[in-house]
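1. sequence? don't have it. structure:
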Ligand SMILES: Nc1ncnc2c1ncn2[C@@H]1O[C@H](COP(=O)(O)OP(=O)(O)OP(=O)(O)O)[C@@H](O)[C@H]1O
């Protein structure tokens with residue numbers, strides 16, 4: 001039976017700024033099953049990273065979770081003390097970022113930093129931690145690990161640095177790994193290698209992964225479940241198959257039209273027209289409405305409810321409500 005290791009329920013996160021309250025995440029709900037890969041997809045500014053940082057409670061000082069629950073194995077992490085949170089980060093849930101250089105300390109060797117992470121979160125100390133560091137580098141496919149531990153981050157390539165970051169994140173065998181745009185800064189071939197590595201580690205270690213990305217194409221083959229975000233809200237969530245083959249939100253359809261597809265070679269990619277919404281001034285209705293070619297009057301006025309589709313996945317779009325009503329009307333005639 002499936003088991004939710006993480007359950008995010010109606011999460012709201014805001015930032016206080018001189019210009020007003022930036023409502024970055026507005027009612028995000030999803031479940032992450034043990035050992036599964038979940039993708040969070042959306043364009044820049046849609047609230048993907050803020051959702052991830054809310055889970056880790058690593059928001060910037062002006063940020064705050066204003067509503068909702070984050071349950072880890074059934075326990076609400078909002079109630080965790082700072083000490084419990086330090087244990088949670090690393091042992092239960094780890095995060096890797098887009099640019100490993102911002103996370104790796106340039107003045108310490110790779111070995112030193114790995115050893116420190118291992119000593120901090122596990123019982124392995126000294127020589128045992130050093131041996132574990134080499135073991136972890138081998139696991140993530142770093143060649144000549146004995147030599148690498150003595151090197152500084154600047155001596156490694158971008159792909160190699162990301163492997164080191166993954167090794168560090170996995171040193172304590174967390175149940176959940178959050179990867180925030182882990183391959184965006186890498187060139188395409190290295191990107192594919194890192195994604196492959198993450199998939200194989202997921203299989204080997206059995207952890208769950210949350211992949212945060214703006215590129216639906218990147219995660220097409222690796223995710224079990226996908227949530228599509230726009231303007232801090234979830235537009236659609238379901239299995240990867242639901243999202244790719246049976247999309248029920250106009251934004252998801254737009255995203256799909258804008259990624260290359262081998263079945264449509266020669267076809268033009270269609271970008272989504274318009275600009276992202278202003279989070280300081282959220283529209284009353286559907287966040288995507290100003291850019292939606294199918295928008296109706298109700299879309300401007302009211303936020304669409306999340307509806308379960310016949311195949312079981314969820315979408316928040318008034319067009320589905322209209323379609324459902326018309327079907328019902330047709331059935332009654
Ligand atoms: N400390 C902050 N103060 C004010 N606004 C913030 C802060 N951090 C994030 N935001 C805003 O929250 C919104 C969501 O940001 P978030 O980083 O989650 O977007 P994203 O979907 O991950 O996109 P990207 O890939 O560009 O990071 C953005 O409009 C961003 O400007």
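-> Cool, got the structure. Keep in mind the model is a prediction, meaning the values are calculated, not measured.
2. Can you report how many residues lie near residue 283?
-> Residues within reach of residue 283, counting by other C-beta atoms under 10 Å, total 16. In short, each C-beta sits where N, CA and C put it, glycine included.
3. so it makes contact with residue 292?
-> No - checked against C-beta atoms under 8 Å, the pair residue 283 and residue 292 is beyond contact range at 11.3 Å.
4. Enumerate the residues of the stretch 201-333 of the chain near the ligand.
-> Contacts of the stretch 201-333 of the chain with the ligand, taken as C-beta under 6 Å from any ligand atom, map to 214, 279.
5. Strands of the chain, start to end?
-> 4-17, 20-33, 37-41, 63-72, 75-76, 93-96, 176-180, 208-213, 225-230, 233-239, 307-308, 314-315 (DSSP state E).
6. which ones are touching the one residue in the stretch 151-300 of the chain that gets nearest to the ligand?
-> Per C-beta to the nearest ligand atom, residue 279 is where the stretch 151-300 of the chain lies closest to the ligand, at 4.9 Å. If you count contacts by C-beta atoms under 8 Å, 6 or more residues apart in numbering, residue 279 has them with 22-24, 45, 231-232.
7. In TSV: the strands of the chain, plus mean neighbour count and mean pLDDT.
-> Supplementary listing: the strands of the chain in TSV, determined by neighbours: other C-beta atoms under 10 Å; pLDDT from 0 to 100:
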stretch	mean neighbour count	mean pLDDT
strand 4-17	18	96
strand 20-33	20	94
strand 37-41	25	96
strand 63-72	17	96
strand 75-76	12	94
strand 93-96	24	92
strand 176-180	24	94
strand 208-213	24	95
strand 225-230	26	96
strand 233-239	25	95
strand 307-308	14	92
strand 314-315	23	96
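8. can I get the ones you listed in a markdown table with distance to residue 103?
-> Listed next are the strands of the chain as a markdown table, based on distance: least, C-beta to C-beta, whole Å:
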| stretch | distance to residue 103 |
| --- | --- |
| strand 4-17 | 22 |
| strand 20-33 | 22 |
| strand 37-41 | 19 |
| strand 63-72 | 19 |
| strand 75-76 | 27 |
| strand 93-96 | 7 |
| strand 176-180 | 10 |
| strand 208-213 | 15 |
| strand 225-230 | 24 |
| strand 233-239 | 28 |
| strand 307-308 | 39 |
| strand 314-315 | 34 |
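9. ok, residue 244 - how many residues close by?
-> Residue 244 has 17 nearby residues by other C-beta under 10 Å.
10. Hmm, residue 256 and it touching each other?
-> Yes - using C-beta under 8 Å, residue 244 is in contact with residue 256, at 7.0 Å.
11. for residue 226, what are its contacts?
-> Applying C-beta under 8 Å, 6+ apart, the residues contacting residue 226 are 38-41, 216, 219, 237-240, 243.
12. From the centroid of the chain, which residue is nearest?
-> For the chain, the residue nearest the mean C-alpha position is residue 212 (2.7 Å; C-alpha atoms, centre = their mean).
13. Residue 308 contacts residue 316, doesn't it?
-> No - using C-beta under 8 Å, residue 308 is not in contact with residue 316; the gap is 10.9 Å.
14. And the helices in this structure, which stretches?
-> With DSSP state H as the criterion, the chain has helices at 48-56, 82-87, 100-103, 110-121, 126-139, 145-148, 158-170, 188-205, 216-219, 240-245, 250-257, 297-301, 318-332.
15. For the second one, the averaged confidence score.
-> Average pLDDT, helix 82-87: 90.
16. quick one: it to chain centroid distance?
-> 22 Å (C-alpha atoms, centre = their mean, to the nearest Å).
17. Just the residues contacting that helix, thanks.
-> In contact with helix 82-87 (C-beta under 8 Å, 6+ apart) are residues 57, 77, 121.
18. Reformat these as a markdown table; add pLDDT, neighbour count and distance to the ligand.
-> Formatted as a markdown table, these follow (pLDDT from 0 to 100; neighbours: other C-beta atoms under 10 Å; distance: C-beta to the nearest ligand atom, whole Å):
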| residue | pLDDT | neighbour count | distance to the ligand |
| --- | --- | --- | --- |
| 57 | 94 | 16 | 14 |
| 77 | 92 | 21 | 18 |
| 121 | 81 | 18 | 26 |
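19. Spell out which parts of the stretch 1-150 of the chain neighbour the ligand.
-> So the stretch 1-150 of the chain meets the ligand at 15, 17, 22, 24, 42, 44-50, 60, 62-63 (C-beta under 6 Å from any ligand atom).
20. Check the residue of the stretch 151-300 of the chain closest to the ligand and give its pLDDT.
-> 84.
21. got it, and residue 260?
-> pLDDT, residue 260: 69.
22. Check residue 191 too.
-> With respect to pLDDT, residue 191 has a value of 83.
23. That one: neighbour count?
-> 18.
24. Spit out the contact partners of it.
-> By C-beta under 8 Å, 6+ apart, the neighbours of residue 191 are 183, 218.
25. cool, the one 10 residues further on as well?
-> Listed by C-beta under 8 Å, 6+ apart, the contact partners of residue 201 are 139-140, 166, 170, 207.
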